[in-house]
Structure formats: C-alpha cells, structure tokens
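Q: Below are the sequence and a predicted model for it; my questions follow.
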Protein chains: 2
Amino acid sequence: MGHPGCYIEELEVGASVSGTRVVTESDIVQFAAVSGDANPLHLDEEFARRSRFGGRIAHGMLTASFISALLANELPGPGSTYLSQTLKFKAPVRIGDRVRIEVTVTSVHPRRRLVQLQTRARVGDAIVIDGEAMALVPSRTASARG
Amino acid sequence: MGHPGCYIEELEVGASVSGTRVVTESDIVQFAAVSGDANPLHLDEEFARRSRFGGRIAHGMLTASFISALLANELPGPGSTYLSQTLKFKAPVRIGDRVRIEVTVTSVHPRRRLVQLQTRARVGDAIVIDGEAMALVPSRTASARG
C-alpha cells in the first residue's frame, strides 16, 4: 500500500521538514501548459524585461505546487488529506532561483485527526510565499481509513 | 505590450468570469512531474481504487492552477499582480471531470489598487475548491506601473 506517511499520534508541534528545488525554464513552460496560464510575464523574456519585474518570473502557483508536494510526500505525507491552504505571494521567483520549502507543525488536534502547518517558500533569506495548511491525518486506531 | 487586462477603475463588485477544463490523465501526469508530487493516489489506478477515494484523483493544486490561470488571463487579467489566495479543498476531482472555474469581484479598493475576488471550482453542482484571492491592479492614472 506504499508508505503510510505520519499518523496523528506521531505529530508534535514544532516538527518540520524542508526541501529545495531549483526553478528551471522547463518547469515554467510545463506549468504554463498544464495550468493554461501562458502569460508573457512567464514565457517571453523580451516582454518580461520591460515589465516591473525586469525579467521572467515563475507562476506563483508553481512554487505553491512545491509546497503541496512536500506536504504530500513528507509531512504529513501519504495517506493524509489536504483540506486547505493559504498563500501570500510576497516576492517573485525567477529562473535559476533555488527555492527552499519549509513545512512546520503548528497545532495538532488528535480527536479530529487534524494538523495545522506553517508553509513557507524562501529564496535565500527572503520569504517568497507564506501561508498555512490544514490536513486530515490517519490515526493508528483507525488506520484502515487512511 | 500585450493585452493590459483590467484597470482598477473598470472593476465593479459582482463582475465575474468563468471557464471550464476537462481534467485528463495527461494533466495529472504532467502536474506530478512539474510539482514533484508523484503519489500513487494520483498516478496508480490500482492503488487509488483501494484508497478511500475509490480511484485516481487530481492534485488539489492542479485544480487551483486553473483558478490562477483564469485570474491571470481574464479577471483581473494581464498586468495584475497576484497577492494572495486561499483554497479550501472540499471534494476530489477525477479524470474526465469537467471543472468549472468561477471568479467574482467581491470588493474593490481603488486607492490601494486592490481587488478581492471569490474563486470557486465546481464539478457539476458541487464546489470542489472554495476560496478567495487578492490582486493588485493597474490604474489608468498610473498605467506605466502595470
């Protein structure tokens, strides 16, 4: 059945994981195709250079998808159900940027099997996306539901 | 410079746009690759059939990317800056589902050039994602900043 991810009984406030991704031009081209957002700010260097960003930027939701992947893969991991996500897009991400995703448990509600997580994406010291997520997590005592 | 999208002076509470996308297996495979979320719930029918969902489901953030695309393409459109998004994942989306994205202006703050939008994704009558977005929108009187 694959890796079960975390059980609610294992989760503690302060637990955290992180991962990094270098954003490539190919990522942006692929994300434009699958999302349907082919705006020249993402795809056309000439256009983007004349914009207020001074060059091509990644779709905000592309960086958000890296957050979603870390939640799904590691904390709370496979078997959890993604209930909600807030995203504040604070700064642009550019081709070649190394994005660090950080996910930290901020509260655990065992009876409701809910975990709240702080979710951040950084480039260097700058927070590029700030937000929080809620997920439903399997319980050891009801693992068949996971 | 491409289509300028909406100016803040043009936006009125209640203005709305919608669009539809049929989710394909190819969308899910591409989104798994670009996000890094290759969980079997999305990719492995055999595994997903034994899960509580009874079959493969789309990544929540894939459907969210359709919301982001409608904001970027139409309302408030090119030239706007995506500031924030909230997402409540209320029901799964499956391969073949026709997802309808609806974006509606809920408030306009001309001096700060801010617009707030209700953002929804539906499959049939069911809301699969509910949430809201904030965007910064160019002003006619400061269009060079767009």
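A: That came in fine, so what should we check first? In this text the structure is predicted, and so the values were computed from the model without any measurement.
Q: what's the model's confidence in stretch A:83-98, averaged?
A: Rounded to a whole number, the mean pLDDT of stretch A:83-98 is 98.
Q: does chain B sit close to it?
A: Yes: judged by C-beta under 8 Å from any C-beta of the partner chain, stretch A:83-98 comes into contact with chain B through A:Leu83, A:Ser84, A:Gln85, A:Thr86, A:Leu87, A:Lys88, A:Phe89. For the C-beta atoms, the positions are set from N, CA and C on the backbone; glycine is no exception.
Q: hey, what's A:Gln18 bridged with?
A: No, residue A:18 isn't Gln; it's Ser. A:Glu102 (DSSP bridges).
Q: What parts of chain A come near chain B?
A: A:1-2, A:21, A:27, A:30-31, A:33-37, A:39-41, A:47, A:50, A:52, A:59-62, A:64-66, A:68-69, A:72-73, A:78, A:82-89, A:145-146.
Q: among the residues you listed, which are in strands?
A: Taking DSSP state E as the definition of strands, those contribute A:Arg21, A:Tyr82, A:Leu83, A:Ser84, A:Gln85, A:Thr86, A:Leu87, A:Lys88, A:Phe89.
Q: What number of residues are in the vicinity of the last one?
A: Residues near A:Phe89, counting by other C-beta atoms under 10 Å in any protein chain shown, number 24.
Q: Model confidence score at the residue lying closest to it once chain neighbours are set aside, please.
A: Excluding the flanking residues, the one nearest A:Phe89 by C-beta to C-beta, 6 or more residues apart in numbering or on different chains is A:Gly60, at 4.4 Å. Looking at A:Gly60, its pLDDT stands at 98.
Q: check contacts around A:Gly60.
A: Under the criterion of C-beta atoms under 8 Å, 6 or more residues apart in numbering or on different chains, the contact partners of A:Gly60 comprise A:Leu87, A:Phe89, A:Ile129, B:Ser68, B:Tyr82, B:Gln85.
Q: Looking at these, which is nearest A:Arg112?
A: Ranked by distance to A:Arg112 (C-beta to C-beta), the contacts of A:Gly60 are led by A:Leu87 at 23.5 Å.
Q: I'd like the distance between the closest one and B:Ser35.
A: Relative to B:Ser35, A:Leu87 is positioned 14 Å away (C-beta to C-beta, to the nearest Å).
Q: Phi and psi next, for A:Cys6.
A: For A:Cys6, the backbone dihedrals are phi -90, psi 150 (criterion: degrees, to the nearest 10).
Q: Helices along chain A, start to end?
A: Chain-ordered helices for chain A, with DSSP state H as the definition, fall at A:25-35, A:40-43, A:45-49, A:60-73.
Q: Tell me the pLDDT of the spatially most central residue of chain A.
A: Here the mean C-alpha position of chain A is nearest to the C-alpha of A:Ile67 (C-alpha atoms, centre = their mean), at a distance of 0.9 Å. At A:Ile67 the predicted local distance difference test score is 98.
Q: and the closest residue to it other than its chain neighbours, how many neighbours?
A: Taking C-beta to C-beta, 6+ apart as the measure, A:Ile67 lies nearest to A:Thr119, with 4.8 Å between them; neighbours along the chain are not counted. With neighbours defined by other C-beta under 10 Å, the count for A:Thr119 comes to 22.
Q: And A:Thr119, how far from chain B?
A: A:Thr119 sits at a distance of 12 Å from chain B (criterion: C-beta to the nearest C-beta, to the nearest Å).
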